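**Q** Structure for this input, please:
(one chain, ligands or ions: 1)
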Amino acid sequence: MSTYTNFTVETDADGIALITWDMPGKSMNVFTVEVMDELEAILKQTVEDAAIKGVVFTSGKSTFSGGADLTMIRGMFSMLQDERARDPQAAAQKLFDAAGRMSWLFRAIETSGKPWVSAINGTCMGGALELSLACHGRVVSNSKSVKLALPEVKVGIFPGAGGTQRVSRLTDAQSALQMMTTGQSLAPARAKAMGLVHQVVEPDQLITAAKQMIKDGLKPVAPWDEKGFKAPGGGVWTPQAAQLWPAAPAILRRETAGNYPGALAILKCVYEGLQLPFDTALKVEQRYFTQVLQTTEAFSMIRSLFISMQELGKGARRPAGVEKSEFRKVGVVGAGFMGASIAYVTAAAGIPVVLIDRDQAAADKGKSVSEKLVADSIAKGRMTKEEGEKLLSLVTPTPDYATLSDADLVIEAVFEDRAVKKAVIEQIEAVIPETTVFASNTSTLPITGLAENSKRPDQFIGVHFFSPVEKMMLTEVILGKDTGDKALAVALDFVAKIKKTPIVVNDTRGFFVNRCVFRYINEAYDMLTEGVPAAMIENAAKMAGMPVGPLSLNDEVAVDLSQKIMKASIADLGPNSVKPEHMDLIDKMVDVLDRRGRKNGQGFYDYPAKPAKKSLWPGLKDLYHQKPASEIDVETLKQRFLVTIALEAARTVEEGIVTDPREADVGSILGFGFAPYTGGTLSYIDGMGVKTFVALAEKLASQYGDHFAPTPLLKDMAAKSETFYERFNPYAEVGKAA
Ligand code: NAD
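**A** Predicted structure coming up:
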């Protein structure tokens, strides 16, 4: 038998070949060119070897596979760029062939004449699920940790290796569309109920059950290759389909505002594919896949949401030469809204944590947040009782600072007040050893200033969490003037341990994320004062791709917090730092109308008792003379939101606050949901070209104010036709290509 790098093949006495996918040196199996070459060779071997009666395909890792290695797709982008200039026709053909490689390999398995069963022992994503769908049988381990999904749409592409055709022939079109356009994960039972898998068995029965399917005479023919096959629901010309298809594009548009070419392609593939013979349908899918691969959205989303996110998560910014941190104990001081949740995520990562507040009752109240989160997880079946008890046993609430004496890291989350923070820093430093790193979760106070209260500013750093801490994937790590490498390494190791993605930024008021968010909200204030109806403001923002409208976001943050921040800016930076119209609006909302946001049930929205839904406060239209909708260009509103945020991100780069474009991109998507289809704030600018962006900003500046004026950096880049990823090439130092 041949040997393979990524697979083992063992044939048993019954003539069933067990293929185990286990890539050396990788924590997860992924499809690479080498994997496909080997799989092709294995297929040939199993077809040619008469002794082999059938094949069981499984994984040797705890997860089945994460799908295609997207860096392979990045390789296709580079190939396209290089070849296009020489011969656009040949480049398109090459891309088409590369885009179809997986699809036709899977089709070859499906039509090989021997039965294949996929034994799915762990999470199975993307291309790996598409391979499984091409197998004649699918058996899944009944385990909480197993998820099945086709999540490609989340990185700007779609399941292009037969996924759109097989899912829509195994389950009804509506469920198929729902699954693929949202990229949702399915538990094994749900996948079985949808008809995507044949059996769900106990993990130790997996291989036996898979082999049994073959022994029981599994036919090596896909249902759609049988004569007279009908898709569930009967295809697209049935009364049932007549309910679905006319509405489907409208629903998709409502959900995506037409911003995601990958999502639209799924709709087209399923609709057209269901009317065609299978091989032609696969070809149609391949064509759409090739088209989508050439979009700016796919390029930018893969770069930011897959490659950069992974690189940052793996410590791209971690200083080399500092030993990996061990966290035997973490201290969290301030058991309020943020501290309580920080303690929870720390314990959830298996780290013992002391949660300190001013008295035992306050500390206990903080721990009760963990108790509630654990109870919810147990109720939803996401955690066992034992896991919950273990997690809670790691959280020790106390008012006693002496318990910090052996902590490796202390995070303070006390009131946002310089004097309170100063006292707490001194109290903590009186008990912690020299080696302990001190992190502040401040959202507005510059780290360098806070570090002045510290005896060891090199050990002092900002670790800025976002609320709700247990859900938000981003953490902003802020370097003070004197912050040293050890503090940065410890902070990044901690963020990795709690499974969040870090961005590292230099010290500035508002750091990176909040600076951008303020621009978003300020633009909405501008629009309100111009008389743009509030509903148009909110809808335009969503059409631009923002997950939450700016007024709704402001209500969540609290309108009186905005007032506090604006007043602090005026006090620290002078009266010109805040537009008087904005201050008037917010003073009126808070001081006159007591509309403080969601927390007091009234802000820009009204929040009636559930189950009624929130709705925009009708009184808003009486505050400013309303412009008729016909005089307002929605495209311009959309541009204003994205451009003002992107300009702020560019300023942070120009000021040296953000030094790596990947961080501005990933930070903007994970931190506040900046239109993900753009790939983030700087990819938005690069995607349209800096020259085009500068022209757009200048046009907006002439109509809506100087805050749209392009900065010197942008003008310089426009003149030189540079992109952010060229000028601030994150790979330059290590000599890799971007
Ligand atoms: P909070 O008022 O809910 O909690 C602060 C806690 O600190 C309270 O429980 C208080 O009793 C405790 N505390 C005050 N003085 C103390 C002392 N001397 N010793 C021990 N405990 C003390 O506030 P919060 O919203 O959790 O904010 C905490 C910090 O996190 C602030 O710096 C804030 O800017 C920052 N932050 C807040 C958010 C947010 O969304 N609320 C987001 C990011 C960062």
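**Q** Could you measure from residue 152 over to the ligand?
**A** 33 Å (Cβ to the nearest ligand atom, to the nearest Å). C-betas here are computed from N, CA, C, even on glycine.
**Q** Hmm, I typed the wrong one, I wanted residue 342.
**A** The gap separating residue 342 from the ligand is 9 Å, by Cβ to the nearest ligand atom.
**Q** ok, that residue touching residue 413?
**A** Yes. Assessed by Cβ atoms under 8 Å, residue 342 is found in contact with residue 413 at 6.1 Å.
**Q** Overlap in contacts, those two.
**A** Common contact partners of residue 342 and residue 413 (Cβ atoms under 8 Å, 6 or more residues apart in numbering): 332, 441, 465.
**Q** Let's see which of the residues you listed end up in strands.
**A** Using DSSP state E, the subset of those located in strands is 332, 465.
**Q** got a markdown table for the shared contacts of residue 342 and residue 413, with pLDDT too?
**A** A markdown table is the format used below for the shared contacts of residue 342 and residue 413 (pLDDT from 0 to 100):
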| residue | pLDDT |
| --- | --- |
| 332 | 98 |
| 441 | 97 |
| 465 | 97 |
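**Q** Next to the ligand, which bits of this protein? Give me the list.
**A** Residues of the chain that fall close to the ligand, judged by Cβ under 6 Å from any ligand atom: 333-339, 356-358, 362, 413-416, 420, 423-424, 441-443, 464-465, 467.
**Q** Now for the residue of the stretch 151-300 of the chain found nearest the ligand, how many residues are close by?
**A** Using Cβ to the nearest ligand atom, the single residue of the stretch 151-300 of the chain nearest to the ligand is residue 154, 25.8 Å away. Using other Cβ atoms under 10 Å as the criterion, residue 154 is surrounded by 19 other residues.
**Q** Verify the assumption that it is located in a strand.
**A** No. Under DSSP: H, G, I helix; E, B strand; the rest coil, residue 154 falls outside any strand and is assigned helix.
**Q** what sits against it?
**A** The contact partners of residue 154, taken as Cβ under 8 Å, 6+ apart, are 183, 301, 305.
**Q** so what does the helix or strand bottoming out on mean pLDDT in the chain touch, helix or strand wise?
**A** Among the helices and strands of the chain, helix 70-86 carries the lowest confidence by mean pLDDT, DSSP states H and E, at a mean of 81. Judged by 3 or more Cβ pairs under 8 Å, 6 or more residues apart in numbering; DSSP states H and E, helix 70-86 is in contact with helix 88-110, helix 278-293.
**Q** Next one: the closest residue to the ligand within the chain from residue 206, what distance?
**A** Of all residues in the chain, residue 336 sits closest to the ligand, at 1.8 Å by Cβ to the nearest ligand atom. Separation of residue 336 from residue 206 (Cβ to Cβ, to the nearest Å) stands at 47 Å.
**Q** now swap in residue 682 and tell me
**A** Where residue 206 is concerned, residue 682 sits at a distance of 45 Å (Cβ to Cβ).
**Q** Between those two, point out the one with more neighbours.
**A** Taking neighbours as other Cβ under 10 Å, residue 682 and residue 206 compare with residue 682 leading, 29 against 22.
**Q** CA atoms only for the helix or strand that contains that one, dumped as PDB, please.
**A** Using DSSP states H and E, the element containing residue 682 is helix 681-688. Output of helix 681-688 as PDB, limited to C-alpha atoms (Å, rounded to 0.1, in the frame of the first residue of the first chain):
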ATOM      1  CA  THR A 681     -12.000  50.200   7.800                       C
ATOM      2  CA  LEU A 682      -8.700  50.200   5.900                       C
ATOM      3  CA  SER A 683      -9.700  47.500   3.500                       C
ATOM      4  CA  TYR A 684     -12.700  49.600   2.700                       C
ATOM      5  CA  ILE A 685     -10.400  52.400   1.600                       C
ATOM      6  CA  ASP A 686      -8.000  50.000  -0.100                       C
ATOM      7  CA  GLY A 687     -10.900  48.200  -1.800                       C
ATOM      8  CA  MET A 688     -12.100  51.200  -3.600                       C
END
